[in-house]
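*Asks:* Coordinates for the following, if possible.
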Amino acid sequence: ALDSAGTFAILAGTGVTSAGASAVVGDLGTAPVASVTGFGEGTSGTVDGEVHPADPVAFQAKADLSEAYDSVVAQSPATSVATPLGGTTLRPGVYDSASGTFGIAGELTLDARGDPDAVFIFKTLSTLITAAGSGVELTNGAQACNVFWQVGSSATLGTATAFNGTIMALTSITAPTGATVDGRLLARNGAVKLATTVVTRAPSHASTSVVTTHPTTIAPRGPRTWTVHATHNAHARR
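*Replies:* Got it, this is the predicted structure:
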């Protein structure tokens, strides 16, 4: 499971930046680089959760993310599908890209067939790119917390993309103006870049672990709003 990384809506390796009034619901962290820009005093970005700039919590979450990433890579057997996912409907399962990349133009529909514990895993050796106005739609009981995207390089969401699921990218993640994410943006080695983006951590429901045979439940936490002081990379409860 994601273990301690599961409380994070945003987790990065080389920093988190936001241009504009981005809103993050869940924890935000980065390690080993402590840079957090665009959130806190004098900015319009908000974090409803805890901020961890290269502190022990962030380092532990990064370690857990690395284990989860490697475990998802090992998930098999996988069904190979074509790069273009827009306009298709997929059932629960493990999918990989025949060409090593995924792209979404339009809507990808994930159909849980009435099972709220149904898991969807997407694995790509290289990139995940969505077109402007695209989306991932969940139907028949599908839950955002049970959708996982393992990206072998970087993920880029198009303007006004409505995305569901947890992205685990080896390098970086970019989510620009108007994009909304119900899930998590987790970048192992690079940065997470936002621009008037809304990211809401999807809490786990029931026994929905994809990377371990031992189900894990993450209890939802009460809202907490934190301010990041850019001059010191510190955080204080507001």
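
*Asks:* give me the low-pLDDT residue ranges for the chain?
*Replies:* For the chain, applying pLDDT under 70 flags the ranges 204-238.

*Asks:* what's the distance between Thr166 and Ser134?
*Replies:* Separation of Thr166 from Ser134 (CB to CB, to the nearest Å) stands at 17 Å. No exception for glycine: its C-beta is placed from N, CA and C like everyone else's.

*Asks:* Just want the phi and psi numbers for the residue nearest to Leu28 when sequence neighbours are not counted.
*Replies:* Closest residue to Leu28 in three dimensions, ignoring its sequence neighbours and counting by CB to CB, 6 or more residues apart in numbering: Ile10, at 4.5 Å. Note on Ile10: backbone dihedrals following degrees, to the nearest 10 are phi -130, psi 130.

*Asks:* need the contact list for Ile10.
*Replies:* Contacts here follow CB atoms under 8 Å, 6 or more residues apart in numbering; on that basis Ile10 touches 16, 24, 26-29, 184-186, 192, 194, 199.

*Asks:* Now tabulate these in a markdown table and tack on neighbour count, secondary structure and distance to Thr127.
*Replies:* Output for those, formatted as a markdown table (neighbours: other CB atoms under 10 Å; DSSP: H, G, I helix; E, B strand; the rest coil; distance: CB to CB, whole Å):
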| residue | neighbour count | secondary structure | distance to Thr127 |
| --- | --- | --- | --- |
| Val16 | 30 | strand | 20 |
| Val24 | 28 | strand | 23 |
| Gly26 | 23 | coil | 25 |
| Asp27 | 27 | strand | 26 |
| Leu28 | 31 | strand | 24 |
| Gly29 | 30 | strand | 24 |
| Arg184 | 29 | strand | 18 |
| Leu185 | 32 | strand | 15 |
| Leu186 | 29 | strand | 16 |
| Val192 | 29 | strand | 15 |
| Leu194 | 29 | strand | 18 |
| Val199 | 28 | strand | 20 |
